[in-house]
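Asks: Build me a structure from this.
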Amino acid sequence: MTSKKDMRRLDLVVPYQEPGPKGGETAAELSSTLSSTLPMAAIFTRNRYIGWASVVLSIQSWLGESEDAARSSSAGTPGYFTVGMSLMALAVTYLPMFLPPPPNQRGAGTPAPTGA
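Replies: A predicted model of the protein is given here:
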């Protein structure tokens with residue numbers, strides 16, 4: 001017959017302690033910030049170089065994302081979303097090449113006053 005007595009010693013139990021944050025967290029946050037803000041800068045300035053840089057940095061940020069960072073992301077945006085945003089920003093920078101603006105069209109401002 002087997003004994004029902006618990007053979008584990010309570011004085012040898014080590015409580016679980018969650019490991020502290022790693023030192024590379026600030027680099028990941030900077031990369032995430034750049035991959036989120038560069039597409040906006042590319043859209044505002046319509047600069048193709050900024051658009052391509054945003055695509056490269058967002059793909060790099062997505063591939064370098066760990067499972068822990070993806071699960072408990074402080075920003076809340078997944079990596080594939082930033083890649084999609086940067087590709088859309090790149091498409092916006094090339095948009096005038098495929099859909100040129102109408103010639104001789106000015107803004108819808110007020111007409112210039114005539115001198116009377």
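Asks: what about W52, which helix or strand?
Replies: Assigned by DSSP states H and E, W52 belongs to helix 48-63.
Asks: The least confident helix or strand in the chain by mean pLDDT: what's the following helix or strand?
Replies: Using mean pLDDT, DSSP states H and E, the weakest-scoring helix or strand in the chain turns out to be helix 67-71, at a mean of 64. With elements assigned by DSSP H and E, the helix or strand that comes after helix 67-71 is helix 79-98.
Asks: Dihedrals phi and psi, V13?
Replies: Note on V13: its backbone torsions stand at phi -70, psi 130 [degrees, to the nearest 10].
Asks: about what we covered before: list the buried residues for the helix holding W52?
Replies: Buried residues in helix 48-63, counted by 16 or more other CB atoms under 10 Å: I50, G51, W52, A53, S54, V55, L57, S58, I59, S61, W62. Just so you know, the C-beta spots here come from the backbone N, C-alpha and C atoms, and that holds for glycine as well.
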